[in-house]
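Engineer: Got a sequence here, can you model it:
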Amino acid sequence: MYFDLSVVPFSRRGTFLAISELPEAGERTEGLYLRTVRGGDDKFGEAFLIELLDKHGQFIPYEAKASPALLRLDTDSAPVYAEVCMTDAHTVRFHTKGCGLRLTFRTSAYDYAYEHSAGNWEVNSFTHECRFMLVSLTGKLQMEVPWDKIKNSRIVAEFSPEEGSDSVEFAVQEFRTVWEPCESWVPWEQAACAVREEFGAWLNASLTVPERWQAGRELAAYITWSCLVPAEGCLTRPAMYMSKNWMTNIWSWDHCFNAMALVKHNPKLAWDQFMIFFDRQDESGLIPDFINDKYELWNCNKPPIHGWTLAWMMQRTDFIKESHLREVYGPLCRWTNWWFYYRDHDGDGIPQYNHGNDSGWDNSTAFNNGIPVESPDLAAFLILQIEVLAEIAGLLGLTDESAAWRRLGEETLERMLRHFWKGDRFIACRSGTHEVSEGDSLLLFVPILLGKRLPKHVLQSLLEGLRDESRFLTPNGWATESVKSPYYTADGYWRGPIWAPSTMLLVEGAAAAGDIDLAREVSRRFCSMLDKSGMAENFDALSGEGLRDRAFTWTSSVFLILGHEYTT
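Structural biologist: Now for the predicted structure:
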C-alpha cells in the first residue's frame, strides 16, 4: 500500500512526529516537512523542510512514495534516492544513496541550535515545546546557524556523503528535557524490517472485511495505527488522535468509535480509549470536549453515547470484568446526572444542548432557530446510558440504585415520546418556548437506536424515512440533511455530507428496529465509498468525494466495524 502524503501523513504508533507534503502558506514554502503534532489542533506543526541535494549542494527534484513502514524519495537519476523510517516513538532515521539531504528548520521565538557533542546538534524549538537532536551516523554534517541576538535566524543542516562514499545515514530524535544517546544503532534494514513487522501485526489484528475492500482495510488499519500517541501531559493513557493532519485531538464521542473497533482484538487499548475522558472528568460530572497532550477544552461537550458504547463493547468481549465495571460506574453515573442537573433549564425533564457543538452535529439544522435546543437524540442516548447503569448496578449488587435507574429510564422514555413525537416524526425544539426547529436533519432519526422500546408505528415511520432514496438515502449512504431540504449543502459539514458516526448509529438503529437488510445495504454503500474515496472526515453525499481532513480515525474505525459486522 502506498498513500499520498498531501492527504495521509507518514507516521507510526506512539509518536508525535509525522511527515507530510504541505502547500505554500504565508512564510511556509511548499514541500515535504517533518512535523510534530504536539500542542493541539489546527496546527500543522511543521519543523523541518526536507530536500535532496546533489554533490554540488543543489536541490534534486524527487517523488515521495509512502508506505506504512517506509517513506522513499525517488529521483529521475537512479539509483539516487533517500529512505525515511520512524524506528521508534522519538526517532526518525534517514538513509540516502547517491545524494545528500538538507533539513531547514523554521525558526521563530527563541529557537536555537548548538553542537551538543561531536556529530550531534541540538535544535531547541520553543515553538514546538520540544527539542530535536540531529545525529550524524555516516557522512558529513554541515550546519548553518547564524546568531541573531537571542536566537538563530536560520538553522540549516546539510548531510552529505564522505569522499569515496555515495550514502549518508543520520537520525532526528525528538525529546523534551534530556537527550539520552543511543548506545548502538541497529542496522538500517533491520530497523526498517522491525517497523514493517509491527504494522503487519496491527493489520493482522484489525477487523476483517470482504476481500474486495482489502485496500480500504489496510488504509484504515494504517491510519488508526499511525494516529496513536503516547500517554503524556493531559493524556493519561495512550490515545488515538482523530488525525495527524490538523485534527490532532481526541473528542469526547469520537474516542468511542475507535474503542469499539479495537475491542475484539485489542481490548486493553480499547478500554484506554473509552476511559481516557473519565480520567479528566470535572467534579460536576462534565467531561471535556476534547483533549490533547497540552490542554483540554471545556467550552462545549459532546453527547452521552458512552452508555451505548459500553453496552456494545460488553457484548463483544469477555475482557470487561467486575473491576472495569467498578472503575466506570461512578464516572458514568456523574456524567449522566450532569445532563439532568445542569442541562434542563426549563425543568421539563428533557435535557438540552446549549450549542450545536454539544450534539456533535455542530451546524445541524436542528439548531436553525436558536439555542438551547431539546433534541430527541439526546434523550435516546440518556435512556440507553441509564439502562446500562441499571445493569451495572445490578451486577455490582447495588439493587436499590439499579431499580432507581430503571425507573428514571422508563420515565425519560415516556417523556421523550410525549415531548418529541409529533404526528409521524420526531422534532427538535427550543428549550423553554418549544418552538419547533426548521430543516430536515438526519439527527432526528437517531432515536431508532432504542429499537423495540419504541412503539411500532414510530419505528415504522423512522424506517420509511431512512429507506427513502429521495430524502436521506443516497448511493453512498445517508446524507445528514435531506437532499430535498433547502438547507442541504454538498460540503455543508452536518448539513448534507455523509459522516461515519451518524452512519454507524443509524445502521445499529436499523438493526435494533429489526431491519437488518437496510443496515446491511447502507453499510455496503458506505464501505464501498470509503474503499474508493479514502477515510475522510466526511463525504459529499451524492458524489462520494472525501471532504475536509482526509485521514480520520473514526471514519477508519467505522469502516472496519461495518465492513466486519454487516457485510461479511
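Engineer: make it CA atoms for all contacts and neighbour counts henceforth
Structural biologist: Noted.
Engineer: Now Asn301. Nearest residue, chain neighbours left out?
Structural biologist: Nearest residue to Asn301 in three dimensions, chain neighbours excluded: Asp289, at 4.1 Å (CA to CA, 6 or more residues apart in numbering).
Engineer: Report the secondary structure state of the residue of the chain positioned farthest from its centre.
Structural biologist: Largest separation from the mean C-alpha position in the chain: Gly164, at 47.3 Å (CA atoms, centre = their mean). What DSSP: H, G, I helix; E, B strand; the rest coil gives for Gly164 is coil.
Engineer: on that earlier part again, touching, the residue nearest to Asn301 and Pro303? I think so.
Structural biologist: No - counting by CA atoms under 8 Å, Asp289 stays clear of Pro303, with 9.7 Å between them.
Engineer: The nearest residue to Trp421 once chain neighbours are set aside: how many residues sit nearby?
Structural biologist: With sequence-adjacent residues excluded and distances taken as CA to CA, 6+ apart, Trp421 is closest to Ile427, at 6.6 Å. If you count neighbours by other CA atoms under 10 Å, Ile427 ends up with 25.
Engineer: For Asp279, see how far away Ile427 is.
Structural biologist: 35 Å (CA to CA, to the nearest Å).
Engineer: measure stretch 442-455 end to end?
Structural biologist: End to end - CA to CA - stretch 442-455 spans 20 Å.
Engineer: so who does the nearest residue to Ser441 once chain neighbours are set aside touch?
Structural biologist: Leaving aside its chain neighbours, Ser441 sits nearest to Glu481 (4.6 Å; criterion: CA to CA, 6+ apart). By CA atoms under 8 Å, 6 or more residues apart in numbering, the residues touching Glu481 are 364-365, 439-442, 472, 487-488, 494-497.
Engineer: Cross these against helices and list the overlap.
Structural biologist: Among the contacts of Glu481, none falls in helices (DSSP state H).
Engineer: right, and out of those, which lies closest to Asn538?
Structural biologist: Closest to Asn538 out of the contacts of Glu481 is Pro497 (6.0 Å), distances taken as CA to CA.
Engineer: where along the stretch 351-500 of the chain do the helices fall?
Structural biologist: Assigned by DSSP state H, counting those that start in this stretch, the stretch 351-500 of the chain shows helices spanning 356-359, 376-395, 399-420, 456-467, 500-512.
Engineer: quick one: the spatially most central residue of the chain from Thr555, how far?
Structural biologist: Using CA atoms, centre = their mean, the residue of the chain that lies closest to the mean C-alpha position is Met242, 1.5 Å off. Distance, Met242 to Thr555, by CA to CA: 9 Å.
Engineer: Likewise for Arg425?
Structural biologist: From Arg425 to Thr555 the distance is 29 Å (CA to CA).
Engineer: now do the same end-to-end measure for stretch 239-252.
Structural biologist: Using CA to CA, the two ends of stretch 239-252 sit 12 Å apart.
Engineer: what's it in contact with?
Structural biologist: Residues from elsewhere that reach stretch 239-252 (CA under 8 Å, 6+ apart): 8-9, 18, 37, 40-44, 223-224, 227-231, 254-255, 258, 272-273, 276-277, 287-292, 301-302, 549, 551-554.
Engineer: my guess is Cys441 meets Asn363, correct?
Structural biologist: Just so we're on the same page, residue 441 is Ser rather than Cys. No - counting by CA under 8 Å, Ser441 stays clear of Asn363, with 10.4 Å between them.
Engineer: So between the two, which is more surrounded?
Structural biologist: When neighbours are counted by other CA under 10 Å, Ser441 comes out ahead of the other of Ser441 and Asn363, with 26 against 16.
Engineer: The residue nearest to Trp421 contacts Phe367, doesn't it?
Structural biologist: No - at 11.4 Å, Ile427 and Phe367 do not qualify as touching, with contact defined as CA under 8 Å.
Engineer: so who does the closest residue to Asp272 other than its chain neighbours touch?
Structural biologist: Spatially, and ignoring its direct neighbours in sequence, Asp272 is nearest to Arg237 (6.0 Å; CA to CA, 6+ apart). Going by CA under 8 Å, 6+ apart, Arg237 touches Pro230, Ala231, Asp272, Gln273, Ile276.
Engineer: Can you pull the poorly scored residue ranges out of the protein?
Structural biologist: For the chain, applying pLDDT under 70 flags the ranges 41-42.
Engineer: Could I get the full set of helices for it?
Structural biologist: Under DSSP H, the chain gives helices at 188-204, 214-226, 254-262, 267-279, 306-314, 322-342, 356-359, 376-395, 399-420, 456-467, 500-512, 516-533, 553-566.
Engineer: Please list the residues outside the fourth one that contact it.
Structural biologist: I take that to be helix 267-279. The contact list for helix 267-279 (CA under 8 Å, 6+ apart) reads 235-240, 252, 255-256, 258-263, 287-288, 291, 317, 319, 328, 331.
Engineer: Which parts of that helix count as buried, going by neighbours?
Structural biologist: Using 16 or more other CA atoms under 10 Å as the test for burial, helix 267-279 gives Pro267, Leu269, Ala270, Trp271, Asp272, Gln273, Phe274, Met275, Ile276, Phe277, Phe278.
Engineer: next one: the first one
Structural biologist: In terms of neighbour count (16+ other CA under 10 Å), helix 188-204 has its buried residues at Trp188, Ala191, Ala192, Val195, Arg196, Phe199, Gly200, Trp202, Leu203.
Engineer: Was I right to think the third one contacts Val92?
Structural biologist: No - no contact is recorded between Ala192 and Val92 when judged using CA under 8 Å, the distance being 10.8 Å.
Engineer: Need the residues touching each of these two.
Structural biologist: Counting by CA under 8 Å, 6+ apart, the residues touching both Ala192 and Val92 are Cys85.
Engineer: Next, find the distance separating the nearest residue to Ser136 once chain neighbours are set aside from Glu158.
Structural biologist: Leaving aside its sequence neighbours, Ser136 sits nearest to Phe170 (CA to CA, 6+ apart; 4.5 Å). Going from Phe170 to Glu158 by CA to CA gives 11 Å.
Engineer: Between those two, which contacts overlap?
Structural biologist: Joint contacts of Phe170 and Glu158 (CA under 8 Å, 6+ apart) do not exist.
Engineer: Mind checking which of the two has more residues around it?
Structural biologist: For Phe170 versus Glu158, neighbours defined as other CA under 10 Å are more numerous around Phe170 (23 against 18).
Engineer: what's the spacing between the residue nearest to Pro230 when sequence neighbours are not counted and Gly465?
Structural biologist: Closest residue in space to Pro230, ignoring its immediate chain neighbours: Pro238 at 4.6 Å, by CA to CA, 6+ apart. Distance of Pro238 to Gly465, given as CA to CA: 40 Å.
Engineer: got it, and Leu450?
Structural biologist: Leu450 is 16 Å from Gly465, by CA to CA.
Engineer: With Gly200 instead?
Structural biologist: Separation of Gly200 from Gly465 (CA to CA): 42 Å.
Engineer: re earlier: from the contacts of helix 267-279, keep the buried residues only.
Structural biologist: By 16+ other CA under 10 Å, the contacts of helix 267-279 give 235-240, 252, 255-256, 258-263, 287-288, 291, 328, 331 as buried.
Engineer: what do Ile427 and Phe367 both touch?
Structural biologist: Common neighbours of Ile427 and Phe367 are listed as Ser437 (criterion: CA under 8 Å, 6+ apart).
Engineer: No further queries at this time; thank you.
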